[in-house]
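Enquirer: Got a predicted structure plus its sequence, pasted below:
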Amino acid sequence: MSAVLSLREKGPRHFLDLKDFTGAELRALLDSALFHKRTRRNPPKRPLAGKTLAMIFEKPSTRTRVSFEVAVKELGGDAVVLSSRDMQIGRGETIQDTASVLSRFVHGVLLRTDSAARLHELARHAAVPVINGLTELSHPCQIMADILTFEEHKGPVAGQRLAWVGDGNNVAASFIEAAARFQFSLRLACPPGYRPRAEVLDWACAEKADVEIGDDPGWAVEGAACVVTDTWLSMADSEDEAASRAAAFAPYQVTAGLMAKAAPGAIFQHCLPAHRGEEVAAEVIDGPASVVFDEAENRLHAQKAILAWAME
């Protein structure tokens with residue numbers, strides 16, 4: 001893997017968005033993730049021995065926090081978990097100063113935030129790797145786990161068709177970037193007014209990615225090897241926003257009937273947390289097509305690969 005990623009030797013190895021990498025680089029990370037998964041109980045080495053990751057959470061987290069903290073420790077390192085309430089950044093210290101200080105203390109920084117601008121400013125000023133734990137615009141670590149999970153169940157993703165049903169949100173944006181880099185076909189069905197940002201779709205077009213978007217869930221899932229959805233609501237949504245979203249997304253619930261339109265043996269993915277009876281029917285997420293808990297576990301292995309590459 002180091003030979004493939006040698007172009008990033010000059011300066012910190014940030015992991016901010018999938019579009020920043022070539023398909024070969026991302027493939028090398030997936031190979032590394034699979035290696036870490038297979039050797040978890042008897043790892044040949046601990047590449048982060050003596051190293052510390054600062055984990056900053058401006059948004060609540062279960063899977064991101066636990067998977068990254070366990071990953072660092074299983075790789076031999078340690079983690080310091082912080083929230084904006086714990087830091088002077090919550091009292092007006094600049095991102096630049098925070099980046100400079102943390103770079104003197106730790107060997108990498110994970111940020112989970114509702115501001116992609118803050119993430120990129122942190123990366124500009126940090127002398128150590130910065131990893132995107134989620135922003136309002138993208139969620140690349142999740143998608144690496146999703147592709148790893150897909151390939152474990154369905155074989156190589158290149159040339160396959162995947163379907164996204166629901167909100168054209170940050171996870172959908174990273175799926176679009178993945179379609180370009182891993183060369184799979186992606187159909188998205190989103191309600192009017194909830195499609196991915198225009199700049200994401202423009203980027204996909206410029207990259208000649210096989211990405212199509214419409215508003216018919218049946219069209220999107222037809223023949224798909226995998227159907228993916230996410231929650232309809234954000235923690236920041238008001239009661240009025242929640243009501244309007246629920247009305248707009250009601251026809252986009254992933255039901256058993258919708259899954260029946262996908263390819264035989266199609267799998268169902270969801271990054272969790274899920275709301276049964278809203279974006280997905282219980283019989284789907286709890287049924288035989290669902291791989292959501294394999295997907296959640298693979299956050300650990302995919303992120304081990306990212307951490308080892310960035311911080312080793």
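Expert: Good, I have the coordinates.

Enquirer: average pLDDT for stretch 44-62?
Expert: What stretch 44-62 shows for mean pLDDT is 95.

Enquirer: let me redo that: stretch 289-296
Expert: On average, stretch 289-296 scores 98.

Enquirer: Give the buried residues for that stretch.
Expert: 289-292, 294-296 (16 or more other Cβ atoms under 10 Å). Where you see a C-beta, it was placed from the backbone N, CA and C, and this is true even at glycine.

Enquirer: any chance of those residues in TSV, with secondary structure and distance to residue 21 too?
Expert: Formatted as TSV, the buried residues of stretch 289-296 follow (DSSP: H, G, I helix; E, B strand; the rest coil; distance: Cβ to Cβ, whole Å):
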residue	secondary structure	distance to residue 21
289	coil	30
290	strand	29
291	coil	24
292	helix	26
294	helix	24
295	helix	21
296	helix	23
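
Enquirer: Turn these into CSV, including distance to residue 56.
Expert: What follows is these, written out as CSV (distance: Cβ to Cβ, whole Å):
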residue, distance to residue 56
289, 36
290, 32
291, 30
292, 27
294, 28
295, 24
296, 22
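
Enquirer: Residue 72: which of the residues you listed is nearest?
Expert: Of all the buried residues of stretch 289-296, residue 72 sits closest to residue 296, with 17.7 Å by Cβ to Cβ.

Enquirer: ok, that closest one - contacts?
Expert: 63, 67, 145, 272 (Cβ atoms under 8 Å, 6 or more residues apart in numbering).

Enquirer: In helices, which of those residues appear?
Expert: Cross-referencing these against helices under DSSP state H gives 63, 67, 145.

Enquirer: Could you report the separation of the last one from residue 138?
Expert: Counting by Cβ to Cβ, to the nearest Å, the gap from residue 145 to residue 138 is 14 Å.

Enquirer: For the helix or strand hosting residue 163, what is the distance to the chain centroid?
Expert: Applying DSSP states H and E as the criterion places residue 163 in strand 161-165. Offset of strand 161-165 from its chain centre (Cα atoms, centre = their mean, to the nearest Å): 16 Å.

Enquirer: Can you list the strands that it pairs with?
Expert: Strand 161-165 pairs in its sheet with strand 185-189 (parallel), strand 226-229 (parallel), by DSSP bridges.

Enquirer: Need the winner for burial among those.
Expert: Of all the strands paired with strand 161-165, strand 226-229 has the most neighbours on average by mean count of other Cβ atoms under 10 Å, namely a mean of 27.

Enquirer: contact partners of it?
Expert: 146, 150, 154, 160, 162-166, 175, 221, 252, 254, 258-259, 262, 266-270, 279-280.

Enquirer: Stretch 18-37: which residues count as buried?
Expert: Neighbour-count burial for stretch 18-37, counted by 16+ other Cβ under 10 Å, picks out 18-19, 21, 25-30, 32-37.
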